[in-house]
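Q: sequence below, structure please.
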Amino acid sequence: MKLNENITRRIQCFLCCNPDDITTGTAETACTSIASEGWIGEERTLSEKRQLVTNTLANGVAQFAGIVSAIVFMPLLIRGFGLREYGLYMLAGSVGAYASLLDLGVGTSLAKMVAESAATDDKDRARRLASSALAFYLVVGLLSASVIVVVALNAGSIFRVTPDGARLLRNMLLISAVSSLWAWPANTAGAVLAGRQRYVLSSRTAVGAILGNIAVTVVVLVTHNGPVALMAGSALIALAASSVNAYLAWNELGRGASPLWIRSAR
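A: Residues are numbered from 1 along each chain as shown. Predicted structure coming up:
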């Protein structure tokens with residue numbers, strides 16, 4: 001059996017190698033190089049496939065956990081807050097969600113260009129791109145916070161709610177405005193991790209944030225606090241998650257580099 005394998009190997013070597021290599025005695029070296037290149041290519045392909053599967057599973061777990069927690073806690077929050085206060089809580093969250101339209105596709109473009117930089121191992125270019133995107137997101141964060149503050153101060157007339165409802169909605173919108181000041185710049189770290197194909201890391205952070213929000217929700221329901229406390233607790237969890245992503249992105253761009261927020265300030 002081994003003899004047949006050796007003969008087959010020699011025939012493949014003879015077909016692949018240059019005749020001059022055979023006469024000069026370098027055929028074995030040439031064939032070894034060809035074989036090693038093939039093995040490296042196969043190993044790289046398997047690694048990419050494993051990474052694709054791992055990234056897909058990680059994203060799926062994070063999304064599934066978010067959906068399940070929302071479905072489980074929705075009736076509990078309605079029962080704990082009451083239908084009116086829960087509706088105002090969802091309304092406050094929707095205002096912040098509409099503000100996400102200000103992204104203008106910058107996050108997707110950044111992830112694409114960071115991936116291109118990763119392919120050429122050009123971390124300097126990736127840092128410059130991240131710094132430019134961070135500067136853009138800082139401006140958008142300030143703009144978004146300003147708009148939400150204006151909406152909060154005029155919540156009663158805009159949404160036609162009672163004075164008590166307007167006061168509750170205003171407080172939640174002000175919390176949303178403050179959180180947008182770091183939520184928008186945090187998009188830079190998420191795009192960098194996506195461009196570097198570190199979906200597993202970002203998904204771990206997302207799952208950790210979901211678990212944190214579950215803990216906050218349970219505490220709010222048990223202590224009979226209102227939606228303002230839940231909004232504030234969720235904002236703190238988001239701050240912690242975005243800080244972790246910023247640290248991970250900083251590591252991906254090189255520990256020797258200045259943090260993203262320092263580079264943009266320069």
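Q: show me the contacts for the residue nearest the centre of the chain.
A: Of all residues in the chain, the one closest to the mean position by C-alpha atoms, centre = their mean is residue 190, 3.5 Å from it. Under the criterion of C-beta atoms under 8 Å, 6 or more residues apart in numbering, the neighbours of residue 190 are 107, 202, 245, 249. C-betas here are computed from N, CA, C, even on glycine.
Q: next secondary structure after whichever strand or helix holds residue 62?
A: Using DSSP states H and E, residue 62 falls within helix 27-81. Of the helices and strands lying after helix 27-81 in sequence (DSSP H and E), the nearest is helix 83-98.
Q: chain center to that next one, what's the gap?
A: The chain centre lies 24 Å from the centre of helix 83-98; the measure is C-alpha atoms, centre = their mean, to the nearest Å.
Q: contacts for it?
A: Residues outside helix 83-98 that contact it (C-beta under 8 Å, 6+ apart) are 77-78, 81, 148, 151, 159, 161, 165, 168-169, 172-173, 176, 179-180, 226-227, 230-231.
Q: any buried residues in that helix, and which?
A: For helix 83-98, burial by neighbour count (16 or more other C-beta atoms under 10 Å) applies to 85, 86, 87, 88, 89, 91, 92, 95, 96.
Q: could these be laid out in TSV, adding distance to residue 118 and pLDDT?
A: Shown next, in TSV, are those (distance: C-beta to C-beta, whole Å; pLDDT from 0 to 100):
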residue	distance to residue 118	pLDDT
85	46	93
86	44	93
87	45	93
88	44	94
89	40	94
91	41	92
92	38	92
95	36	88
96	31	80
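Q: didn't residue 140 look like it was pressed against residue 102?
A: Yes. Taking contacts as C-beta atoms under 8 Å, residue 140 lies within contact range of residue 102: 5.1 Å.
Q: the more surrounded of those two?
A: Legend: neighbour count by other C-beta atoms under 10 Å for residue 140 and residue 102, higher for residue 140 (20 against 17).
Q: show me the contacts for the more buried one.
A: Here residue 140 is in contact with 102, 103, 184 (C-beta under 8 Å, 6+ apart).
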